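Q: this one's sequence-less:
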């Protein structure tokens, strides 16, 4: 796959698997746009990698649409990698189909 010169968008790109993916894509010649929370180190990482940072919460369709538009404006967008870690609060119940609540659960 020829990635050099193509745009790549990586959600959760400021840390962990997303950051490793962004680094690998840059090494392959892609122009990387990192999407992560405003509180992340995304701006510093993007500067280090020569890419673009867009602060966005991936649970917001409007913020993701704006981030995709910014990525497309920077380079032809051909690669999207979703590494953003989102998790809903745990569910618990007294029913048997859902794990019962424990003293540390926040239901």
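A: In hand now; what should we look at? Source: prediction; values computed, not measured.
Q: Can you name the next helix or strand after the longest helix along the chain?
A: Across the chain, the longest stretch assigned as helix under DSSP state H is helix 61-74. For helix 61-74, the following helix or strand on the C-terminal side (DSSP states H and E) is strand 77-82.
Q: tell me the mean pLDDT for that next one?
A: On average, the pLDDT along strand 77-82 is 95.
Q: which ones are touching residue 43?
A: Listed by C-beta atoms under 8 Å, 6 or more residues apart in numbering, the contact set of residue 43 reads 53, 55. Placement of C-beta: from N, CA and C, glycine included.
Q: So which bits of the host helix or strand of it are buried?
A: Assigned by DSSP H and E, residue 43 falls within helix 42-49. Going by neighbour count (16 or more other C-beta atoms under 10 Å), the buried part of helix 42-49 is 42, 43, 45, 46, 49.
Q: Quick check: what element follows that helix along the chain?
A: Toward the C-terminus, helix 42-49 is succeeded by strand 52-55 as the next helix or strand (DSSP H and E).
Q: Give me the contact list for that following strand.
A: By C-beta under 8 Å, 6+ apart, strand 52-55 touches 14, 31-38, 40, 42-43, 45-47, 66-67, 70-71, 74.
Q: Then stretch 24-32?
A: Stretch 24-32 is contacted by residues 3-10, 13, 22, 46, 49-52, 74-75, 79, 81 when judged by C-beta under 8 Å, 6+ apart.
Q: All good on my end, thank you.
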